[in-house]
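Q: Here's a sequence, model it:
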Amino acid sequence: MRRRAWLRGALALAAAGSLAPRAAPAQTAAAETRRQLRFRLTLANPHAKELGPQALWLYLPARETGTQRLLDVAVTTAHELRTDALGHSVLELKFAQFAPLAQKTVDIAADVVLRDAPRESPLPDRGAWLASERFIETDEPRIRALARELRRPGEWETAKAVYDWTARNIADAGYVADDRGALQALIERKGDCTEYAYLAAALARACGIPARMVGGYVTDRNSAPRPEEYHNWAEVHIDGAWRLLDAQKRNWKVPAAQYVAFRFYRAESINPLGSAHRFRVEGDLDVKL
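A: A predicted model of the protein is given here:
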């Protein structure tokens, strides 16, 4: 399945202008930073005939997590902003018709507040983040065997062992168009950020630590991220909060205010985007720079 495409669309985003072992981090007041991320979409009818109803769904920064809160979204066309059960922010654009060969530019600005340390985020369904699922093959014997080697007396030490092993033993293959999953990353010992995240999440789950893959952007300033800057990383749930584990970028407990979450991976469909990583088009529109 193509990671960065759905149907005929091609998303374009452009400028619109050591943890202590076996112990939780010190409970100090977290610093907060405000960021703005800007995106521009150009929607085009490639046909010399009018198109009927067209729709586009796009992930924006998650509404609220332990490290971020969505403050405001400005969009230069009529839209709906929805939230699903996982807290995703899903932007919906719909057009009753689109004139022959017409183009429309849509600018989006999303303001978020980011914290450099996570708040507590209780898990109502802990088992959902321990189970095996597509691309996070927790129950696969080779993954479970490695997890047994990495398991330590406490969750912090175990998560750090997962991070260290993944960072040291998986080679960065550059961008890979298709999802390959944790098992393939383990077999081939290579992958892009998605495979690092899948494997780290699978190993953590196999060790009994809830884990997930997150997609979004890493930025230390207001920015207009480019499509190629989209990034996936893992998070582990320890001592009541989701903690960063980014083996591909070699970030273990860096300031969380650099990471802006857009999507939390689940194999099952929970919103109109289905299995799309970032956006989905329903119809014949091209979505490009």
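
Q: Please make it C-alpha for all contacts and neighbour counts, starting now.
A: OK.

Q: pretty sure Thr138 is in a helix, no?
A: No: when DSSP: H, G, I helix; E, B strand; the rest coil is applied, Thr138 is found to be coil, with no helix at that position.

Q: where does Ala31 land on pLDDT?
A: Per-residue confidence at Ala31 stands at 88 (pLDDT).

Q: okay but it is in contact with Val113, surely?
A: No: in this structure Ala31 lies outside contact range of Val113 using CA atoms under 8 Å: 10.1 Å.

Q: In the host helix or strand of Val236, which of the residues would be classed as buried?
A: Here Val236 sits within strand 231-238, counting by DSSP states H and E. By neighbour count, and taking 16 or more other CA atoms under 10 Å as the criterion, the buried residues in strand 231-238 are His231, Asn232, Trp233, Ala234, Glu235, Val236, His237, Ile238.

Q: Mind telling me what element the residue lying closest to the second one once chain neighbours are set aside is part of?
A: Here the nearest residue to Asn232 in space, its sequence neighbours aside, is Gly215; by CA to CA, 6 or more residues apart in numbering that works out to 4.3 Å. In this assignment (DSSP H and E), Gly215 forms part of strand 211-218.

Q: Render the CA-only coordinates of that strand in CSV, please.
A: Taking C-alpha atoms only, strand 211-218 is exported to CSV below (Å, rounded to 0.1, in the frame of the first residue of the first chain):
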residue,chain,number,x,y,z
ALA,A,211,3.5,1.1,22.4
ARG,A,212,2.3,2.8,19.3
MET,A,213,3.6,4.3,16.1
VAL,A,214,3.0,8.0,15.6
GLY,A,215,3.2,10.1,12.4
GLY,A,216,3.8,13.8,12.1
TYR,A,217,6.5,16.3,11.9
VAL,A,218,9.6,17.2,14.0
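
Q: quick one: low-confidence ranges for the protein?
A: Judged by pLDDT under 70, the chain has its weakly predicted residues at 1-29, 255, 289.

Q: one step back: pull the number of nearby residues for the residue nearest to Asn232.
A: Other residues lying near Gly215 total 24 when counted by other CA atoms under 10 Å.

Q: Please name the residues that touch it.
A: Applying CA atoms under 8 Å, 6 or more residues apart in numbering, one finds that Gly215 lies in contact with Tyr230, His231, Asn232, Trp233, Ala261, Phe262, Arg263, Phe264, Tyr265, His277.

Q: Dihedrals phi and psi, the first one?
A: Here is the backbone geometry of Tyr230 (degrees, to the nearest 10): phi -60, psi 140.

Q: my guess is it meets Val214, correct?
A: No: taking contacts as CA under 8 Å, Tyr230 lies outside contact range of Val214: 10.8 Å.

Q: Those two: which has the busier surroundings?
A: More neighbours sit around Val214 than around the other of Tyr230 and Val214, counting by other CA under 10 Å; the figures are 24 against 16.

Q: quick one, what contacts the more buried one?
A: Ala197, Asn232, Trp233, Ala234, Glu235, Ala261, Phe262, Arg263, Phe264, Tyr265.

Q: Look up how far Trp252 lies from the residue lying closest to the fifth one once chain neighbours are set aside.
A: The reference is to Glu235. Distances taken as CA to CA, 6+ apart place Leu244 nearest to Glu235, at 4.7 Å, with adjacent residues excluded. Taking CA to CA, to the nearest Å as the measure, Leu244 and Trp252 are separated by 6 Å.

Q: Among the two, which residue is more densely surrounded?
A: Per other CA under 10 Å, whichever of Leu244 and Trp252 has more neighbours is Leu244, with 22 against 19.

Q: What is the subsequent helix or strand relative to the one helix or strand the more buried one maps to?
A: Here Leu244, judged by DSSP H and E, is contained in strand 241-246. Towards the C-terminus, the helix or strand next in line after strand 241-246, according to DSSP H and E, is strand 251-252.
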